[in-house]
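Visitor: Pasting the sequence and the predicted model now:
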Amino acid sequence: MEAAAEGADPGSGCGAGAEEPVVSLAEVLAENEELEKEARAVLGGSDHERCSYSQGAVKRQALYACSTCTPPGGEPAGICLACSYECHGTHRLFELYTKRNFRCDCGNSKFKNLQCKLLPEKCKVNSGNKYNDNFYGLYCTCKRPYPDPEDEIPDEMIQCIVCEDWFHGRHLGAVPPESGDFHEMVCQACMSHCHFLWAYAAQLAVPALTKVNSLEDEGIVLKVEESEDQKKEIKKESGVEHQETKEEKQMEQFNEPSTSSGSACPEVKRTFFSVPYICVLMVVPKSEEPVCKLKELQSKPFLKKDTATFWPSNWRSKLCTCEDCLKMYSELEVQFLTDECDTVLAYENKGTTDQETERRDPLMDTLNSMNRVQQVELICEYNDLKTELTDYLRRFADEGTVVKREDIQHFFEEFQSRKRRRTNRMQYYCS
């Protein structure tokens, strides 16, 4: 239903400059639905009634830090969604969004004068939890709060998927791509820590919005020594053998999802030659030992820069999962990189899906608690209200006038009055 004001002259009428913006009821409902959807995504299906401590280290959950209980200078601590409501409802909280593998700290030894109301019995500390400056309300390399009252530069914050700190877009060493062009970001420090990612970045990362002048100006070219056979193969410049180079074979294999299986079953691959529209099916027997995709990528030139990197949605599935690489991930404490369910997108989708499934109709809940006679009476009352309110609001839509608060109050006063008159007549006839 549209409720629009027509023929309004900005220069005429008393107090025209102070008129409130006019919105339709449909716009209000659509905006409210969108806000609810965003809230469900941010909370990721976190339980708002029960403390998550009993679940152990939760893979991902909505977390908060309480500056009232753990101010700067004290030990950092994180609390779950339910505890933020029940135990810290009147406190000053920092919203941490989501952290991986975290167990609720509420009421443990880090809280000197507070006991958790939901689960009082907890260990003194959660040794598996990891903390950073976010737990004190500070973010990025600049260690500033967000929002920052002293920062007048409009800038979005982007979370690193390794350290899970939040960074200003201008503090990443490169201009981030448009937000819709990438799904995850790895900050400068974490790219230095996870140096192996540079080999993947050459093939998978979304380019930053920075003009590249040359390899030498922008970073360091890394290349291993080539064997004589490799040099000879690179020098071939004619024939089908040149068109089907070793690099093309490797990229074809690289674009397949990673697997650490060592099965000896033959694999059918499509190999494209230079002749247009010709596709030859070749049976390529798998080697007994899985091929390490990382070593293949590191055998070619790639660029290493002092910047953050930006990645598409499916890049994690392309990481090598051979035994050596899995060991390296463990040593670097980044095993989660191969887990597609670790992504923030998966977390948000879980929240939206779970709560859409669990959302219950209040009317149906009320009906289920009534007997048959009460159910019929309630349904009749509901239908009467719906019909009369629809007819009442339709007049405003047809006239193109604004629905005001007084109009809604007037409708419900009249509706209650008509309901009382009907009830009184029923009592008269029954007596």
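Guide: Received it, and whenever you're ready, just let me know what you need.

Visitor: For Gln61, which three-state class applies?
Guide: Secondary structure state of Gln61, per DSSP: H, G, I helix; E, B strand; the rest coil, is strand.

Visitor: give me the beta-bridge partners of it?
Guide: Per DSSP bridges, the residues bridged to Gln61 are Lys99.

Visitor: And it, what's its pLDDT?
Guide: What the model reports as pLDDT for Gln61 is 92.

Visitor: these two touch, right, it and Leu81?
Guide: Yes - between Gln61 and Leu81 there is a contact under CB atoms under 8 Å: 7.1 Å. Just so you know, the C-beta spots here come from the backbone N, C-alpha and C atoms, and that holds for glycine as well.

Visitor: Please enumerate the shared neighbours of those two.
Guide: 46, 52 (CB atoms under 8 Å, 6 or more residues apart in numbering).

Visitor: This protein: strands as residue ranges?
Guide: Using DSSP state E, the strands of the chain run over residues 58-66, 79-80, 93-102, 157-159, 166-168, 184-186, 220-222, 267-272, 279-284, 302-304, 309-311.

Visitor: Pick out the shakiest of those strands, pLDDT-wise.
Guide: Taking the mean pLDDT of the strands of the chain, strand 267-272 comes last: a mean of 45.

Visitor: Helices of the stretch 1-150 of the chain, residue ranges please.
Guide: Listed from the start of the chain, the stretch 1-150 of the chain has helices (DSSP state H, counting those that start in this stretch) covering 25-43, 81-86.

Visitor: From Val42, how far off is Asp133?
Guide: Distance, Asp133 to Val42, by CB to CB, to the nearest Å: 21 Å.

Visitor: cool, Asn113 as well?
Guide: According to CB to CB, Asn113 and Val42 sit 30 Å apart.

Visitor: out of those two, which sits in the more crowded spot?
Guide: Using other CB atoms under 10 Å as the criterion, Asn113 and Val42 rank with Val42 on top: 15 against 5.

Visitor: from what I can see the more buried one touches Arg60, true?
Guide: No - proximity of Val42 to Arg60 does not meet the contact threshold set by CB under 8 Å, at 11.6 Å.

Visitor: List the residues that are in contact with both of these two.
Guide: By CB under 8 Å, 6+ apart, no residue touches both Val42 and Arg60.

Visitor: Check the burial of Arg372 by counting its neighbours.
Guide: 7.

Visitor: for Glu414, same thing?
Guide: Glu414 has 12 nearby residues by other CB under 10 Å.

Visitor: List the beta-bridge partners for Met157.
Guide: Beta-bridge partners of Met157, as defined by DSSP bridges: His168.

Visitor: separation between it and Tyr139?
Guide: Distance from Met157 to Tyr139, by CB to CB: 7 Å.

Visitor: repeat for Asn101
Guide: Distance, Asn101 to Tyr139, by CB to CB: 20 Å.

Visitor: Compare these two (neighbour count), which wins?
Guide: Between Asn101 and Tyr139, Tyr139 has the larger neighbour count (other CB under 10 Å), namely 22 against 15.

Visitor: what sits against the nearest residue to the more buried one once chain neighbours are set aside?
Guide: Excluding the flanking residues, the one nearest Tyr139 by CB to CB, 6 or more residues apart in numbering is Trp166, at 4.4 Å. Each residue near Trp166 by CB under 8 Å, 6+ apart is listed here: 97, 134, 139-140, 146, 157-160.

Visitor: From Gln115, how far off is Trp166?
Guide: 31 Å.

Visitor: thinking again about what came up before, tell me, what's touching Met157 and Tyr139 both at once?
Guide: With CB under 8 Å, 6+ apart as the test, Met157 and Tyr139 both reach 146, 166-167.

Visitor: Gly78: neighbour count?
Guide: Neighbour tally, Gly78, other CB under 10 Å: 27.

Visitor: Against Glu414, how distant is it?
Guide: With distances taken as CB to CB, Gly78 is found 52 Å from Glu414.

Visitor: list the contacts for Ser52?
Guide: By CB under 8 Å, 6+ apart, the neighbours of Ser52 are 46, 58, 61, 80-82, 103-104.

Visitor: Repeat that for Ser179.
Guide: Applying CB under 8 Å, 6+ apart, the residues near Ser179 are Glu156.

Visitor: Could you rerun that using 7 Å?
Guide: If a contact means CB atoms under 7 Å, 6 or more residues apart in numbering, then Ser179 has no contacts.

Visitor: And the pLDDT for it?
Guide: 81.

Visitor: so who does His135 touch?
Guide: Rather than His, residue 135 is Phe. Contacts here follow CB under 7 Å, 6+ apart; on that basis Phe135 touches 65, 76-78.

Visitor: Can you lay out these as JSON lines showing distance to Met370?
Guide: Putting the contacts of Phe135 into JSON lines (distance: CB to CB, whole Å) gives the following:
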{"residue": "Ala65", "distance to Met370": "44"}
{"residue": "Pro76", "distance to Met370": "50"}
{"residue": "Ala77", "distance to Met370": "46"}
{"residue": "Gly78", "distance to Met370": "43"}
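
Visitor: is it true that Asp324 touches Cys292?
Guide: Yes - using CB atoms under 7 Å, Asp324 is in contact with Cys292, at 6.2 Å.

Visitor: Need the contacts of Trp166 in JSON lines (columns: distance to Ala30).
Guide: Shown next, in JSON lines, are the contacts of Trp166 (distance: CB to CB, whole Å):
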{"residue": "Tyr97", "distance to Ala30": "25"}
{"residue": "Asn134", "distance to Ala30": "33"}
{"residue": "Tyr139", "distance to Ala30": "32"}
{"residue": "Cys140", "distance to Ala30": "34"}
{"residue": "Tyr146", "distance to Ala30": "28"}
{"residue": "Met157", "distance to Ala30": "26"}
{"residue": "Ile158", "distance to Ala30": "28"}
{"residue": "Gln159", "distance to Ala30": "28"}
{"residue": "Cys160", "distance to Ala30": "33"}
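
Visitor: Restricted to buried residues, select the residues you listed in ChimeraX.
Guide: Selection of buried members from the contacts of Trp166 for ChimeraX, criterion 16 or more other CB atoms under 10 Å:
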select :97,134,139,140,146,158,159,160
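
Visitor: The longest helix along the chain packs against which elements?
Guide: Longest helix of the chain, by residue count under DSSP state H: helix 372-399. With contacts taken as 3 or more CB pairs under 7 Å, 6 or more residues apart in numbering; DSSP states H and E, helix 372-399 sits against helix 362-368, helix 405-430.

Visitor: tell me, which of those is the model least confident about?
Guide: Mean pLDDT is lowest for helix 362-368 among the helices and strands packed on helix 372-399, at a mean of 68.
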